[in-house]
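Engineer: everything below, folded, please.
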Amino acid sequence: AHTAALLKDLSGSHTVLVIEHDMDFIRDLQAPVTVLHEGHVLCEGSMEEVQADSRVIDVYLGREDVNS
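Structural biologist: Next up is the predicted model:
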């Protein structure tokens, strides 16, 4: 929680890039989310939008190849 608060404070005056797989931590940041897959942007939006995106669900639950 302390790290998330620090990053939020810094983002007011600095560009902050966070690479993280802990979705609870990312949710705490309350910032736009970009999901990368195989070096390409798969989805961008709020945490809620990203979690509901069918491509993100397919890739991370392994239902099908996103490129097919």
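Engineer: roughly how far out does stretch 3-11 sit from the chain middle?
Structural biologist: Centroid separation for stretch 3-11 versus its chain: 16 Å, with Cα atoms, centre = their mean, to the nearest Å.
Engineer: excluding chain neighbours, what is closest to the residue nearest the centre of the chain?
Structural biologist: The structure's the chain has its C-alpha centroid closest to Val33; by Cα atoms, centre = their mean the separation is 3.5 Å. With Cβ to Cβ, 6 or more residues apart in numbering as the measure, Val50 is the residue that lies nearest to Val33, at 4.7 Å, once sequence neighbours are left out. C-beta coordinates here come from the backbone N, C-alpha and C atoms, glycine included.
Engineer: element containing Ile19?
Structural biologist: Secondary structure from DSSP states H and E places Ile19 outside every helix and strand.
Engineer: distance check, the residue nearest to the centre of the chain against Ala1.
Structural biologist: With distances defined as Cβ to Cβ, to the nearest Å, the gap from Val33 to Ala1 amounts to 19 Å.
Engineer: just Ala31 next, same as before
Structural biologist: Taken as Cβ to Cβ, the spacing of Ala31 relative to Ala1 amounts to 15 Å.
Engineer: neighbour count for those two, which is higher?
Structural biologist: Between Ala31 and Ala1, counted using other Cβ atoms under 10 Å, the more crowded position is Ala31 (16 against 7).
Engineer: list the buried residues for the biggest helix by length in the chain?
Structural biologist: Longest helix in the chain by number of residues (criterion: DSSP state H): helix 2-11. Residues 4, 7 are the ones in helix 2-11 that count as buried (16 or more other Cβ atoms under 10 Å).
Engineer: ditto for stretch 23-37
Structural biologist: Using 16+ other Cβ under 10 Å, the residues of stretch 23-37 that count as buried are 26, 28-29, 31, 33, 35.
Engineer: and the residues you listed, which two are furthest apart?
Structural biologist: Comparing every pair within the buried residues of stretch 23-37 by Cβ to Cβ identifies Asp28 and Val35 as the most remote, at 17.4 Å.
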